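Novice: when you get a sec, could you give me coordinates for this:
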Amino acid sequence: MQRETTLTREIHNLLQGSDDWHAFRFAHHGASEAAAMLGLSKKVSRTELVRMKATGLAKEFSDWVQENILDYGHAVEALARPNAEKILGDDLYPVTLSLGHESASCDGLNMAETIGFEHKQWNEELAAAVAGNELPDDHKPQVQQQLMVTGAEKWMFMVSDGTEENMVWMWVYPDATWFDRIRAGWEQFDADVANYKQVDHAVKPEAAPAAALPALVVRTEGKVVSSNLVVYQRAAEQFLSTIKTDLQDDQDFADAEYNVKFCGEAEDKLELAKAAALAQTSTIDDVMRTVDHIKAQFRAKRLELEKLVKTRKEQIKETILNEGKREYVDHIAALEKEIAPLRLALLPPDFAGTMKNKRTLASLHDAVNTTLANAKIEANQRAADYRIKQAWCKESAAGYGHLFMDMAQIIGKPMEDFQLVVRTRIADHERAEQAKQEALRAKIAAEEKAKAEAAAAAELAAQRRADAERQAAEAKATAERQAAADHAERERVAATTKAQLEQQAAALAAQRASQAAADRATQAAQPTRESALAAAHQSIAQEKAAALADQGELTDLANAQADATATDDLFSAGAAVSAVSTSTAPALRLGQIGERLGIALTADFLTLLGFAPAATDRAAKLYHESDFPRMCAALSRHIAAVQAKYAA
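Specialist: Reported below is the predicted structural model:
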């Protein structure tokens, strides 16, 4: 049942006992009925309240409430009110109010509607509890509903006989938990009234009296003189056949338990008759057998009834228990559909415990139904709380469901705590997500920067490569041009040098021939061989000096040649040199020539100067030792020619 979300508090001016009064009581949930509705009343069962609300007429219900629920405290209420006003220092007025379907008939309410008054007739047990500032549970629902309906700040609960001597009182304050329990209780009560099914139970059933059996008479005088045993047997068998064994309600059980007792008494009487007959004779076999037979029938029926009563009671208790459990399970299942996927983690109601010491079907049904109703009320409150929180989450936490996989554990928290948990998790999640986004943006920016730097570096590297390639190409072209120019110059120098050498050689040959002729003439004129040799040596030295000077020979080599021993045989020396030039194998390596000169030479360069390798040893180029002086002279001329070229 869906309750109204907005309720209006109303004051009703009703004449007690009028039709409007009865109709108001019937249409509203009175505060005085709240304890019975919750199964806390010591006077009226919840089952009876449901039955009256479901089946009674307005006046019948109102009269029933007046008779069964309201106590006689109203009789001294008028006497006690002045005492309360004296304590409060304020006037109190009886008034009836309603808030939606709930109502409250107040024994007193001040004009500001901030303080209320409830009076109960003096009762030692209740007075002791109130004096100890402890309001019993069977009175709490009424006062809390009065506070809820009126909106008062506090309520004076007084127990008295109208005098100040026998008067105790205490303050009761609004309790939101009780308010919720009362509202949920009335919702479930209305549902039970709407679904009520008539179940009749006998009130304090009494066993139907068993048909009286004739008094058994057996007289013997050594034999049976007289006996009504046959008549007794027929009456006993007829009685036993009428005993009901299909036990359904409290009346059946009362009859069965009475018949068990009756059969036991009949057995005892038969045993006494048998003993009396035996005392009179020992030879009355027929009488004894008949008595034993009838006794056995009574005993069998008694045992059958005893077992049947016990078994049937257990069956009925089990049926009532299982019906309560089934209805509770169905109710929970219906609620869990509304709050899916959540589950209601509630302890199952203790139906078995509440059924203890209940001896009638009516009390068993009432105990189970009241326990079931209270369990439903608790479940309804829990489900309503879950629905409110789920609705709040849909509005305030939409899109964050993944943060609350433990919703079943946190939804049971009080609303403020629950909202704090939800908001905190969302805030933490948003901060974490913001940090992730910032980190992602920073990463992307770093990657973009790295890409830009890499692109710039690549562009710079490409530019440098292009510049290097261009410079290399230019250098290569320049080198190639220089190499071509050098090659042309080398060829020109080589040709010029060759021509010069050829001219020098021709001139030297002519000079040598002329000098030889002159020497021969001089030799003929000289008287001795020694003088001729000296003159020849002098002439040869002069020729060599001139040739070396013409060729640009090194000074030290010319001096070495000029200092040769004057006594050497000119022709022997010439023969030796000729032999080295022609007979000695080339052994002078290109590297050795470079080491002597202190510069690196190439075979191609020496070839351009006119000195081709005389032989090769693997990769080594070999020259005649005798060609070294001429190599030096040619190199000197080449250097001089290059110097002269670039000097100009």
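
Novice: now do the helices in the stretch 451-600 of the chain.
Specialist: 529-551, 555-562, 570-583, 590-597 (DSSP state H, counting those that start in this stretch).

Novice: let me see the mean pLDDT of the third one.
Specialist: Across helix 570-583, the average pLDDT comes to 39.

Novice: and for the last one?
Specialist: Averaged across helix 590-597, the pLDDT comes to 87.

Novice: next SSE after it?
Specialist: Sequence-wise, the next helix or strand downstream of helix 590-597 (DSSP states H and E) is helix 603-609.

Novice: who touches that next one?
Specialist: For helix 603-609, contacts defined as Cβ atoms under 8 Å, 6 or more residues apart in numbering pick out 490-491, 493-494, 497, 590, 593, 612-613, 621, 623, 631, 634-635, 638. For glycine as for every other residue, the C-beta is placed from the backbone atoms N, C-alpha and C.

Novice: show me those that map onto strands.
Specialist: 621, 623 (DSSP state E).

Novice: quick check on the contacts of helix 603-609: which are buried?
Specialist: 490, 493, 494, 497, 590, 593, 621, 623, 631, 634, 635, 638 (16 or more other Cβ atoms under 10 Å).

Novice: where are the low-confidence patches of the stretch 301-450 of the chain?
Specialist: 301, 305, 308-309 (pLDDT under 70).

Novice: name the helix or strand for residue 165, please.
Specialist: Per DSSP H and E, there is no helix or strand for residue 165.

Novice: oops, could you answer that again for residue 98 instead?
Specialist: strand 93-99.

Novice: which SSE is immediately downstream of that strand?
Specialist: strand 102-109.

Novice: contacting residues around the closest residue to residue 593 other than its chain neighbours?
Specialist: Excluding its sequence neighbours, the residue lying closest to residue 593 (Cβ to Cβ, 6 or more residues apart in numbering) is residue 601, at 6.0 Å. When contacts are counted by Cβ under 8 Å, 6+ apart, residue 601 touches 590, 593, 594.

Novice: 10 Å instead?
Specialist: Residues near residue 601 by Cβ atoms under 10 Å, 6 or more residues apart in numbering: 590, 591, 593, 594, 609, 611, 621, 631, 635.

Novice: now the helices: where do they sit in the stretch 151-300 of the chain?
Specialist: Under DSSP H, counting those that start in this stretch, the stretch 151-300 of the chain gives helices at 176-194, 229-241, 250-280, 285-338.

Novice: need these in TSV (columns: mean neighbour count and distance to residue 110).
Specialist: Compiled in TSV, the helices of the stretch 151-300 of the chain are given as follows (neighbours: other Cβ atoms under 10 Å; distance: least, Cβ to Cβ, whole Å):
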stretch	mean neighbour count	distance to residue 110
helix 176-194	18	21
helix 229-241	16	71
helix 250-280	18	50
helix 285-338	16	41
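
Novice: would you format the ones you listed as JSON lines with distance to residue 85 included?
Specialist: Converted to JSON lines, these look like this (distance: least, Cβ to Cβ, whole Å):
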{"stretch": "helix 176-194", "distance to residue 85": "27"}
{"stretch": "helix 229-241", "distance to residue 85": "70"}
{"stretch": "helix 250-280", "distance to residue 85": "50"}
{"stretch": "helix 285-338", "distance to residue 85": "47"}
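
Novice: looking at those helices, which is closest to residue 362?
Specialist: helix 250-280 (6.6 Å; Cβ to Cβ).

Novice: now do the closest one: which elements does it pack against?
Specialist: The contact analysis (3 or more Cβ pairs under 10 Å, 6 or more residues apart in numbering; DSSP states H and E) places helix 250-280 against strand 218-220, strand 224-227, helix 229-241, helix 285-338, helix 361-396.

Novice: and the angle from the longest one to helix 361-396?
Specialist: Angular relation of helix 285-338 and helix 361-396 on a 0 to 180 degree scale: 10 degrees, by axes from the mean of the first three to the mean of the last three Cα atoms, to 10 degrees.
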